[in-house]
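**Q** predicted model follows, preceded by the sequence.
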Amino acid sequence: MGNADSGLSEAGLRRLREVLQAHVESKKIPGLVALVGRGGQTHVEAIGTMRHDGGAPMRRDTIFRMASTTKPVAVAATMVLLDECRLRLDDPVDRWLPELADRRVLKRPDGPLDDTVPARRPITVRDLLTSTCGLGLDTTAMGSPMMSAYFEQRVYGENGWMLPAVEPDEWMRRLGTLPLMYQPGERWLYNVSDDVLGVLVARVTGQPFETFLRERIFDPLGMKDTGFHVPADKIDRLPPLYAPDPQTGEFTVEDQAEGGHHSKPPAFQSGGGGLDSTADDYHAYFRMLLNHGMHGTQRILSRPAVELMTTNRLTPEQTSALQSWARSVVHLSHGQGQTGGWGFGMTVRTYRGDYAPVGQFGWDGGAGTTTYADPHHQLIGILLTQTGMSTPDSARAMQDFWTTLYQAIDD
């Protein structure tokens, strides 16, 4: 589909396909779906099979676990509430999330849980949006008392699964028993803020998080295959999730399709990592962001809301925390995580570290997904796999996807 309309060359798109095909033929990744959108043109490749031992082919409408690639989409619900003045950026969240009122803060982030000082100020909506509320996963300090407490309190890791596994109120109660690792607004920390935002949206709106997302984001955008589980009549479109054994490369099933974590409605609708979706659904969402909040003639988000989400919100000090975290996480050190800042729910390129330009925004997921939009080239790239990040294979495929995609631009 390379032509003048899209400014993508036939040869470049052919090369993109060949590179992705080679990853599948290496037998390290059973299958993938790639989408490239530019101007009015969309180019899709579905390569390989749903399972590592063959069977049904990958299809354009295959449903994938988006994992952390959930974050840039889930954050839109909070932006709707800001647009409607039902929330304000610098409002303390205590009114809706009393579990997070009157926080104590660790004197040292890796120190004992009872060695604390009072929080200097309440946590605000802005702190949650920028992932600077003082709570988060710090992979540079996995053995610290605080990280251990997350797992002991089963805030994370219940059922051996990295998404919250209890109802939102109980999850918040557990979170409320723990101190903050840093003062509110001080430091970027991963993931917890995104899950808290989902609870905030549900409490402000009086609706389940997914219901509000569906009414305000998914339905208007035609995202018909996006949700926090895959219903029975679509479960045949969900592949198993593999976590290949780092030593042997054997395809261990991390999550089954039928009877797995995504086959029934979860107790907790996780804005940090719970969505299932398709390449076309994600394309519709990121296209709306490139269109400054518009979908056709319908406004989904205000232009300033989109600008806030998709431009860097971190100070240089906070950015260095994000960088060091990205280097410590295997899939990001192979891929996209080391080239800049953070907006709301997504990374934003603040310097050129590889083939993609400054201003590109999006995120990756540990289940082998990557989605970014590039305002400069009006370009969207989406690569979805069923191969998790236990080995660098899906991360390498992502990196090669972006490298070849940017070479295909011929204007």
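**A** Happy to help now that I have it.

**Q** only C-alpha atoms from now on, for both contacts and neighbour counts.
**A** Will do.

**Q** what sits against the nearest residue to Thr387 once chain neighbours are set aside?
**A** Leaving aside its chain neighbours, Thr387 sits nearest to Tyr242 (4.9 Å; criterion: Cα to Cα, 6 or more residues apart in numbering). Counting by Cα atoms under 8 Å, 6 or more residues apart in numbering, Tyr242 touches 251-255, 386-388.

**Q** give me that answer again for 6 Å
**A** Counting by Cα atoms under 6 Å, 6 or more residues apart in numbering, Tyr242 touches 251-254, 387-388.

**Q** now list the buried members of those residues.
**A** 251, 253-254, 387-388 (16 or more other Cα atoms under 10 Å).

**Q** wait, which of those residues is closest to Leu87?
**A** Nearest to Leu87 among these, counting by Cα to Cα, is Gly388 at 35.9 Å.

**Q** isn't that closest one up against Thr370?
**A** No - Gly388 is not in contact with Thr370 according to Cα atoms under 6 Å; the separation is 11.8 Å.

**Q** would a markdown table of the contacts of Tyr242 with pLDDT and distance to Phe228 be doable?
**A** Below are those laid out as a markdown table (pLDDT from 0 to 100; distance: Cα to Cα, whole Å):
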| residue | pLDDT | distance to Phe228 |
| --- | --- | --- |
| Phe251 | 96 | 25 |
| Thr252 | 96 | 23 |
| Val253 | 96 | 20 |
| Glu254 | 95 | 18 |
| Thr387 | 97 | 19 |
| Gly388 | 94 | 18 |
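
**Q** now, among those, which is nearest to Gly160?
**A** Using Cα to Cα, the contacts of Tyr242 come closest to Gly160 at Glu254, 10.2 Å.

**Q** quick check on the closest one: phi, psi?
**A** phi -80, psi -30 (degrees, to the nearest 10).

**Q** quick check: it vs Pro244, distance?
**A** 9 Å (Cα to Cα, to the nearest Å).

**Q** one more: Thr370?
**A** With Cα to Cα as the criterion, Thr370 and Pro244 are 18 Å apart.

**Q** can you list the low-confidence ranges for the chain?
**A** Under the criterion pLDDT under 70, the flagged ranges of the chain are 1-4, 329-338.

**Q** part of a helix, is Arg214?
**A** Yes - counting by DSSP: H, G, I helix; E, B strand; the rest coil, Arg214 falls inside a helix.

**Q** re earlier: more neighbours, Thr370 and Pro244?
**A** Thr370 (28 against 22; other Cα atoms under 10 Å).

**Q** touching, that one and Ile380? I think so.
**A** No - between Thr370 and Ile380 there is no contact under Cα under 6 Å: 10.7 Å.

**Q** what's the first-to-last distance across stretch 31-48?
**A** OK, stretch 31-48 end separation, Cα to Cα: 4 Å.

**Q** now do it: distance to the chain's middle.
**A** 19 Å (Cα atoms, centre = their mean, to the nearest Å).

**Q** quick one: contacts of that stretch?
**A** 6, 30, 49, 57-60, 378-385.

**Q** mind listing the helices for the stretch 51-200 of the chain?
**A** In the stretch 51-200 of the chain, the helices defined using DSSP state H, counting those that start in this stretch lie at 71-74, 76-83, 125-129, 145-152, 168-176, 192-205.

**Q** now these in TSV, with mean neighbour count and distance to Arg327?
**A** Output for the helices of the stretch 51-200 of the chain, formatted as TSV (neighbours: other Cα atoms under 10 Å; distance: least, Cα to Cα, whole Å):
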stretch	mean neighbour count	distance to Arg327
helix 71-74	24	20
helix 76-83	21	27
helix 125-129	24	22
helix 145-152	17	18
helix 168-176	17	27
helix 192-205	22	19
